[in-house]
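1. following is a predicted model, sequence given first.
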Amino acid sequence: MIGIINYGAGNIFSLTAALDRLNLQYGMVDTEADLEKYSHIIIPGVGHAGAAMEKLKDTGLVEAIKKLTKPVLGICVGMQLITEHSEEGNADLLDIVPVKTKKFDKTLNIKIPHMGWNAVSPKNNSLFEGVEDNTQFYFVHSYFIEYNPTFDIASADYGLTFSAAVQKDNFYGVQFHPEKSGKAGELILKNFSNLSL
Amino acid sequence: MLSKRIIPCLDVKDGRTVKGVNFVDLRDAGDPVELAAQYAQQGADELVFLDITATHERRKTMIEMVKAVARQLNIPFTIGGGITEIADAEALLNAGADKISINSAAVRNPKLIEELAKAFGVQFVVLAVDTKHVDGKNRVHLNGGRLITELETENWIKQAEDLGAGEILLTSMDHDGTKAGFDCGLLSKINQMINIPIIASGGAGNMDHFTEVFQKANVDAALAASVFHYGEILIPDLKQELSRNQIPVRI
């Protein structure tokens, strides 16, 4: 069963609706004790990374999350939270995956926010099992995670190459919204629920 | 690479879609949930729902509809119509809407754009602009084009971007309903002025018009209603055609 970190950063209706459609059971994580109840943990999030980090700190869950050994999936800003730092609000983050979250640069001649369906190139990774190269996912973000071959499990190009998904040990993150990415996104959620470590 | 988006627009009244549709396989063409699911299955990249009779009393019906759509739909959608304050937007966000579109309320109170962007992020705020060419100038119109304002379209859109609009939905009243093609000249001009995505609206009549607006105006998305609802253009065919013309689309 999936536990969703309930820290008030953005709406989770679409995420829970997607899990319902997939018949995946879930519940909310409000306290450290709740973390024990679930086999998989999702960190959702939209909006400002710095503000989201402050909200996460307010829950008192930061240290417990960092110590988790079960599969964890950060989505969008939830993915950015597991990186070490974001240029958004110059915020120090969870520092689970040693990569940085940076702002898209207007001088690359791209529209910001990066909004819409973008092709993704996954590596051979359980989270992307069954997902073909160049499958498109739905992105909405103005900050991106720098490409680092050690932690990248799926890359995307938008003015530059960035990480659409990262992994370090049991911690996974996806920049796109699987709950809004059609069948491909549903496959990601399903694959995540099947991960065992 | 980022794909160009195809967006069907559905008019909603009292929680029901109102424009006629002639899809086969629909049990109830007025049911926004069923129609939305059908479009998602056909390969629509996003949907826009416009509440054409939005009043405070009817807001509750709308929220229920948004929730029902969000439960079923696995692509993003925008809700527009009658959003005048933060509380309206928040209720729609909590019901599962990905974006909201504001029009008249932003013209009357431009600070609303700033407040919405601050509260929910720029990605949540779509500014819809209805424009018409009057006496050599592009002027912003309200109430579906019936009411002219003092605002020049170019200035207003630039101001809205600075205030925090995350996307522009630009409808040319001169082209809307003509089925003679999008207003590529104006769209191109606006597109070069701004650094946020722009959705072209008004004038779609055939598949060539979509190719043209992406090639000539390089817009990020194209929106249409009747050509999709009446089955004059099928989304899978349109995407194939765009792809043949080297326009990046999600197939």
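-> Done, it's in.

2. what residues does A:Y147 make contact with?
-> Listed by CB atoms under 8 Å, 6 or more residues apart in numbering or on different chains, the contact partners of A:Y147 are A:S155, A:L160, A:T161, A:F162, A:S163. Quick note: C-beta positions are derived from backbone N, CA and C, even for glycine.

3. what about A:N191, which SS state?
-> helix (DSSP: H, G, I helix; E, B strand; the rest coil).

4. quick one, what contacts it?
-> A:S126, A:L127, A:F128, A:E129, A:G130.

5. picking up where we left off before, buried ones among the contacts of A:Y147?
-> Among these, the ones that count as buried by 16 or more other CB atoms under 10 Å in any protein chain shown are A:S155, A:F162, A:S163.

6. now the strands for the chain?
-> You didn't say which chain, so I picked chain A. A:2-5, A:26-29, A:40-43, A:72-75, A:83-86, A:91-92, A:97-103, A:114-122, A:135-141, A:143-146, A:152-158, A:160-168, A:171-174 (DSSP state E).

7. to clarify, I was referring to chain B.
-> Along chain B, counting by DSSP E, strands occupy B:5-13, B:16-17, B:47-51, B:77-80, B:99-102, B:125-134, B:137-142, B:147-152, B:167-172, B:198-201, B:221-224.

8. bridging residues for the residue nearest the centre of chain A?
-> Residue closest to the mean C-alpha point of chain A, counted by CA atoms, centre = their mean, is A:I75 at 2.4 Å. In this entry, A:I75 is beta-bridged to A:V174, by DSSP bridges.

9. look at it and report its pLDDT.
-> Confidence at A:I75, expressed as pLDDT, is 97.

10. and A:A9, by the same measure?
-> 78.

11. what number of residues lie near it?
-> With neighbours defined by other CB atoms under 10 Å in any protein chain shown, the count for A:A9 comes to 24.

12. if we ignore the residues flanking it in sequence, what's nearest it?
-> A:A52 (4.0 Å; CB to CB, 6 or more residues apart in numbering or on different chains).

13. that neighbour: what's it in contact with?
-> Here A:A52 is in contact with A:Y7, A:A9, A:G10, A:G45, A:V77, A:G78, A:Q80, A:L81 (criterion: CB under 8 Å, 6+ apart).

14. redo the residues you listed as TSV? Include distance to A:D169.
-> Below are the contacts of A:A52 laid out as TSV (distance: CB to CB, whole Å):
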residue	distance to A:D169
A:Y7	22
A:A9	23
A:G10	26
A:G45	20
A:V77	21
A:G78	17
A:Q80	18
A:L81	16
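
15. what is the burial count for B:S201?
-> Neighbour tally, B:S201, other CB under 10 Å: 28.

16. so stretch A:77-89, near chain B or not?
-> No - Stretch A:77-89 lies out of reach of chain B by CB under 8 Å from any CB of the partner chain, never closer than 9.4 Å.

17. confidence score at residue 192?
-> Defaulting to chain A. Note for A:F192: predicted pLDDT of 98.

18. um, chain B though
-> Looking at B:Q192, the pLDDT reads 97.

19. I'd guessed B:V249 sits against B:P236; true?
-> No - look at B:V249 against B:P236 with CB atoms under 8 Å: they stay out of range, at 10.6 Å.

20. who's more crowded, the two?
-> B:V249 (22 against 11).

21. so what does the lowest-mean-pLDDT helix or strand in chain B touch, helix or strand wise?
-> Ranking every helix and strand in chain B by mean pLDDT, DSSP states H and E puts strand B:16-17 at the bottom, with a mean of 84. Where contact means 3 or more CB pairs under 8 Å, 6 or more residues apart in numbering or on different chains; DSSP states H and E, strand B:16-17 is packed against helix B:32-42.
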